[in-house]
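Participant: Test case, fold it:
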Amino acid sequence: MIEQVWENESRKGQKYLTVQVGGERYSVWDDKYFDTLQEGVTVDFDYKQSGNFKNMTDVEPVDGNGNGQPQYRPNGKDRQIARMSCLKSASEILAPVQLDPEAKKDLTIETARFFERYVFEGEPDAPAQQNGGGNHGRGSQ
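Facilitator: Predicted coordinates for the structure are as follows:
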């Protein structure tokens, strides 16, 4: 069972996870496993020793209902982390866009909310909830 998960980044900017299982720490470099590796999830895995490091490979979740996928239940911290990630991604995507600062801020937040809906609801085309916002100067009425 996964006891703890840390998100990391190498000196060269590559993202990886450190996962603690049975008191041992393993590195995970293959991002296809990142969504599966969460605290409390039981996994079967192989690992390869690389110097002082153990690199987890061939990860398979194990659950009681046999479908191989853990049931995801985001808590407050998970949602906060996901929102920060969505905001960072939106900021990076919109960094080169030339807009006045207020319009750029609104567009960044709107984009981050779109990403967040996709992450938690899986609906990339879901319309944004309108909180009296509008289209922030894009397009015509």
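
Participant: Please list all residues in contact with the closest residue in space to Val28 that isn't next to it in sequence.
Facilitator: Of all residues beyond its chain neighbours, the one nearest Val28 is Leu17 (4.3 Å), with distances taken as CB to CB, 6 or more residues apart in numbering. All C-beta atoms are positioned from the backbone trio N, CA, C, and that covers glycine. Remark: with contacts taken as CB atoms under 8 Å, 6 or more residues apart in numbering, Leu17 is in contact with Val5, Trp6, Glu7, Asn8, Ser27, Val28, Tyr33, Phe34, Leu37.

Participant: Recalculate using a threshold of 10 Å.
Facilitator: Neighbouring residues of Leu17 by CB atoms under 10 Å, 6 or more residues apart in numbering: 2, 5-8, 26-31, 33-34, 37, 56.

Participant: shaky segments in the protein?
Facilitator: When residues are selected by pLDDT under 70, those of the chain lie in 63-74, 123-141.

Participant: now the strands: where do they sit in it?
Facilitator: 2-9, 15-21, 24-28, 42-50, 53-62 (DSSP state E).
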